[in-house]
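>>> I would like to see how this sequence folds:
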Amino acid sequence: MRSGSHDLSVASGRSNERYRRAGLSTVVSIAARGVQVLTALVTVPLTLHYLGPQRYGMWMVMSSLIAMLGFADLGLGYGLLNAVSGAHGRDDKEEAALYVSSAFFTLVAISILLVAAFAAVYTIVPWARLFNVNMPLAVAESGPAVALLFLSFAVGLPLSVVSRVRSGYQEGFIDSAWTAAGNLLSLALVLLAVAVRAGLPVLVLAMAAGPLLATAMNGVELFWRRFPWLRPRWTAASRTAAYAVLGTGLYFFVLQIAGAVAYQSDSLVIAHVIGPNAVAQYAIPMKLFMMVPMIMGLLYVSLWPAYAEAFSRGDKNWAMVTLRRSIWLAVLIGVPSCAALVAVGKPLIRLWVGSSVEPTILLLAAAGTWAALNCVGGAFAAFTNGAGILRLPALLSVIMMIGNLGLSILLTMKLGVSGVLWGSVVAQVAFMLVPMTAYLIWRFRRTESSSAV
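Next up is the predicted model:
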């Protein structure tokens with residue numbers, strides 16, 4: 001079997017094809033992220049000045065809370081990615097279709113349950129008090145804005161199957177093109193909302209509608225033209241297949257919870273320790289520094305299904321060589337880029353949003369260190385995810401989550417806004433990066449010794 005000029009029946013041909021698809025996915029993803037960055041460059045200063053620090057800070061906290069619900073799929077999305085990649089490596093269409101239908105309808109059921117639970121508590125939760133806002137307009141908008149954001153999340157939950165299937169078949173470049181279209185649509189809708197002087201709930205809906213519509217159209221193209229045999233069907237769903245995907249997914253579930261609490265809680269910690277007005281002082285610089293691990297992560301995301309497919313075919317040497325290369329890439333490109341942002345971060349942020357946000361050098365240093373660590377950590381995560389090495393990372397992530405949250409609260413009280421990031425840095429190095437590096441070195445040596453016998 002051939003794909004382009006690559007003979008997929010031999011290891012070298014499969015290697016070239018994986019790198020080709022990973023490279024193509026990375027390039028298109030960078031272009032799509034460029035669109036996302038362009039959207040942020042326009043919408044962040046626009047919405048910050050339009051909403052004001054308190055309402056904008058509430059929006060950022062709200063977004064962080066919804067992001068923490070990313071684990072609500074119980075890890076099924078990532079479990080599906082690994083299952084589809086493995087089936088692809090075995091060239092088994094029926095197995096892939098079974099997993100897709102089972103995961104999709106399970107996610108529909110989860111989404112319905114989440115909406116019902118949210119409706120039950122909506123009138124009980126004191127939203128304004130939760131976000132620590134006191135402006136009359138902010139108080140009035142807090143509940144409706146949360147409701148619209150949550151409903152958008154619930155609708156997107158089963159639609160996430162589309163992206164996982166694209167990734168499983170190493171077609172991330174197609175998914176990224178649709179993502180770019182969704183971001184452009186969101187930009188247009190946000191500009192329209194600001195032009196008509198709409199409130200925060202409408203802005204939330206405008207921001208969420210673009211990606212949802214783009215994902216829906218992506219799914220139509222995927223399931224009705226590209227891979228029609230994968231189209232979700234109730235008759236194709238299987239409880240056994242759902243349990244199989246869930247079995248792998250539960251490890252991702254733990255990883256997602258730990259990551260959400262460790263990193264997405266930063267805005268909430270700042271809002272409660274210092275106040276909602278300080279959230280923007282953290283959120284705006286982080287949008288700048290997150291660009292580096294985000295761009296590096298585009299490569300890692302495209303390598304994840306390639307690792308899974310390689311292990312499914314028995315191409316373990318390719319996987320280990322690729323991991324070494326990705327780590328070196330993170331060290332040689334990611335780390336210097338983060339250091340450069342620390343040096344020029346203050347004038348860049350002033351040029352971007354004006355004098356309303358003035359980060360300290362301690363905050364910039366913390367953000368740069370955090371971003372550099374995530375560049376290296378992302379390379380490890382893509383390998384372990386694709387290789388199915390999930391039990392140890394899940395355990396370490398729980399330990400890291402506890403340490404991170406405690407250190408972030410303590411250091412925020414001592415150092416101010418930068419404390420949340422220094423807490424993350426210390427916890428990530430001590431509880432995740434060092435033990436995982438030691439484990440993988442041991443595993444590599446054991447594999448090389450076995451191969452030499």
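>>> the helices in the stretch 151-300 of the chain, which residues?
Secondary structure of the stretch 151-300 of the chain by DSSP state H, counting those that start in this stretch: the helices cover 172-195, 200-221, 239-259, 266-273, 279-289, 291-313.
>>> how far off centre is the second one?
The chain centroid and the centroid of helix 200-221 are separated by 17 Å, computed with Cα atoms, centre = their mean, to the nearest Å.
>>> ok, the third one next?
Centroid separation for helix 239-259 versus its chain: 16 Å, with Cα atoms, centre = their mean.
>>> before we move on, back to that, out of the helices of the stretch 151-300 of the chain, which gets nearest to L98?
Nearest of these to L98, taken as Cβ to Cβ: helix 239-259 at 4.7 Å. (Glycine included, C-beta is placed from N, CA and C.)
>>> buried residues in the closest one?
Within helix 239-259, the residues that count as buried by 16 or more other Cβ atoms under 10 Å are 241-242, 244-246, 248-259.
>>> longest single helix anywhere in the protein?
The helix that spans the most residues within the chain, counting by DSSP state H, is helix 11-51.
>>> how far does it sit from the chain's center?
13 Å.
>>> got it, and stretch 378-387?
Going by Cα atoms, centre = their mean, where stretch 378-387 is centred and where its chain is centred differ by 14 Å.
>>> just the C-alphas of it, formatted as PDB.
Presented in PDB, the C-alpha positions along stretch 378-387 are these (Å, rounded to 0.1, in the frame of the first residue of the first chain):
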ATOM      1  CA  GLY A 378       4.400  18.400  26.000                       C
ATOM      2  CA  ALA A 379       6.900  16.200  24.200                       C
ATOM      3  CA  PHE A 380       6.800  13.700  27.000                       C
ATOM      4  CA  ALA A 381       3.000  13.800  27.200                       C
ATOM      5  CA  ALA A 382       2.500  13.100  23.500                       C
ATOM      6  CA  PHE A 383       4.800  10.000  23.700                       C
ATOM      7  CA  THR A 384       3.200   8.500  26.800                       C
ATOM      8  CA  ASN A 385      -0.300   9.200  25.600                       C
ATOM      9  CA  GLY A 386       0.300   7.500  22.200                       C
ATOM     10  CA  ALA A 387       2.300   4.600  23.800                       C
END
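>>> what does it rub up against?
With contact meaning Cβ atoms under 8 Å, 6 or more residues apart in numbering, stretch 378-387 is reached by 78, 82, 85, 252, 293, 296-297, 300-301, 303-308, 310-311, 319, 322-323, 326-327, 329-330, 389-390, 393, 433, 436-437, 440.
>>> the residue lying closest to M401 once chain neighbours are set aside: what's it in contact with?
Distances taken as Cβ to Cβ, 6 or more residues apart in numbering put A258 closest to M401, at 3.9 Å, once the chain neighbours are dropped. If you count contacts by Cβ under 8 Å, 6+ apart, A258 has them with A394, S397, V398, M400, M401.
>>> narrow these to those in helices?
Secondary structure defined by DSSP H assigns A394, S397, V398, M400, M401 of those to helices.
>>> so the last one touches I257, yeah?
Same thing as M401. Yes: under the criterion of Cβ atoms under 8 Å, M401 makes contact with I257 at 7.5 Å.
>>> which of the contacts of stretch 378-387 are buried?
78, 82, 85, 252, 293, 296-297, 300-301, 303-308, 310-311, 319, 322-323, 326-327, 329-330, 389-390, 393, 433, 436, 440.
>>> quick one on the thing from earlier: tell me which of the helices of the stretch 151-300 of the chain sits nearest to P136.
helix 200-221 (13.0 Å).
>>> and the closest one, what does it pack against?
Contacts defined by 3 or more Cβ pairs under 8 Å, 6 or more residues apart in numbering; DSSP states H and E place helix 200-221 against helix 11-51, helix 53-67, helix 136-168, helix 172-195.
>>> mean pLDDT lowest for which of those?
Mean pLDDT across those is lowest at helix 53-67; the value there is a mean of 74.
>>> what helix or strand does F383 sit in?
helix 361-387 (DSSP states H and E).
>>> what is the orientation angle of that helix with helix 291-313?
Angle, helix 361-387 to helix 291-313, by axes from the mean of the first three to the mean of the last three Cα atoms, to 10 degrees: 10 degrees.
>>> with only the CA atoms kept, save stretch 314-324 in CSV.
Listed next in CSV are the C-alpha coordinates belonging to stretch 314-324 (Å, rounded to 0.1, in the frame of the first residue of the first chain):
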residue,chain,number,x,y,z
GLY,A,314,5.2,-2.6,16.2
ASP,A,315,7.4,0.3,15.1
LYS,A,316,8.7,1.1,18.6
ASN,A,317,12.2,2.3,17.5
TRP,A,318,10.6,5.0,15.4
ALA,A,319,8.6,6.2,18.4
MET,A,320,11.7,6.4,20.7
VAL,A,321,13.8,8.2,18.1
THR,A,322,11.0,10.7,17.5
LEU,A,323,10.6,11.4,21.2
ARG,A,324,14.3,12.3,21.5
